[in-house]
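A.B. asks: heads up, no residue letters with this:
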Ligand code: FES
């Protein structure tokens with residue numbers, strides 16, 4: 001039986017080896033792992049170090065330099081709130097407060113039950129429709145605090161994410 005650590009290591013290795021064109025940079029490997037797992041667990045950092053011939057300190061040095069890398073497993077549903085300049089001007093702060101309030105967290109990260117993870121984004125690419133949030137990669141523009149509450153209640157009530165049934 002494969003342990004969780006072994007499984008993470010294998011998936012990280014396959015993601016690193018699956019890069020096209022094949023590269024051996026620490027950054028490209030970390031990006032491949034983040035795409036596959038949604039975060040960088042210690043087992044994956046060890047695989048990146050092994051494959052690239054780097055030290056584990058080098059790998060963590062690169063990973064921690066870029067704010068986009070996550071080091072905790074993502075929640076089942078992924079909510080991103082844009083706090084870029086346009087969305088800021090268009091009133092995203094009350095939306096952010098509402099989202100954090102409903103999720104019971106005070107910043108980026110996953111809820112205690114692992115159902116939802118929250119990330120902030122500096123631009124979701126839909127500035128004209130700001131404030132913008134993304135739920136499981138679906139963009140929603142002109143979102144209000146009430147709109148955000150509605151969306152999060154749908155998640156809580158079991159509206160399936162796009163990942164459901166994928167494995
Ligand atoms: S600044 Fe929010 S979508 Fe661009």
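C.D. replies: Sure, I can see it. Remember, it's a predicted structure, so these values are computed and weren't measured experimentally.
A.B. asks: pretty sure residue 81 contacts residue 92?
C.D. replies: Yes: the criterion here is C-beta atoms under 8 Å, and residue 81 meets it with residue 92 at 6.7 Å. Glycine gets a C-beta too; all of them are placed from N, C-alpha and C.
A.B. asks: which neighbours do these two have in common?
C.D. replies: residue 131 (C-beta atoms under 8 Å, 6 or more residues apart in numbering).
A.B. asks: how close does residue 12 get to residue 146?
C.D. replies: As judged by C-beta to C-beta, to the nearest Å, residue 12 and residue 146 stand 41 Å apart.
A.B. asks: which of these two has more neighbours?
C.D. replies: Using other C-beta atoms under 10 Å as the criterion, residue 12 and residue 146 rank with residue 12 on top: 26 against 11.
A.B. asks: what's the nearest residue to the more buried one if we skip its chain neighbours?
C.D. replies: Spatial nearest neighbour of residue 12, excluding adjacent residues (C-beta to C-beta, 6 or more residues apart in numbering): residue 44 at 3.6 Å.
A.B. asks: for residue 147, same thing?
C.D. replies: Per C-beta to C-beta, 6+ apart, closest to residue 147 is residue 140, 7.1 Å.
A.B. asks: now the one you found: phi and psi?
C.D. replies: phi -130, psi 120 (degrees, to the nearest 10).
A.B. asks: cool, the one 4 residues further on as well?
C.D. replies: Torsion angles at residue 144 (phi, psi; degrees, to the nearest 10) stand at phi -110, psi 170.
A.B. asks: for residue 33, what are its contacts?
C.D. replies: Per C-beta under 8 Å, 6+ apart, neighbours of residue 33: 12, 15, 16, 40, 44, 47, 48.
A.B. asks: how many other residues sit next to the residue of the chain at minimum distance from the ligand?
C.D. replies: The minimum distance from the chain to the ligand, using C-beta to the nearest ligand atom, falls at residue 84 (2.7 Å). Per other C-beta under 10 Å, the neighbour tally for residue 84 reads 19.
A.B. asks: can you check residue 113 too?
C.D. replies: Residue 113 has 10 nearby residues by other C-beta under 10 Å.
A.B. asks: where does it land in three-state SS?
C.D. replies: State at residue 113, reduced to three classes by DSSP: H, G, I helix; E, B strand; the rest coil: coil.
A.B. asks: domain ranges for the chain?
C.D. replies: 4-65, 77-156 (automatic domain parsing).
A.B. asks: JSON lines for those, including mean pLDDT?
C.D. replies: Below are the domains of the chain laid out as JSON lines (pLDDT from 0 to 100):
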{"stretch": "domain 4-65", "mean pLDDT": "91"}
{"stretch": "domain 77-156", "mean pLDDT": "94"}
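A.B. asks: many thanks, we can stop here.
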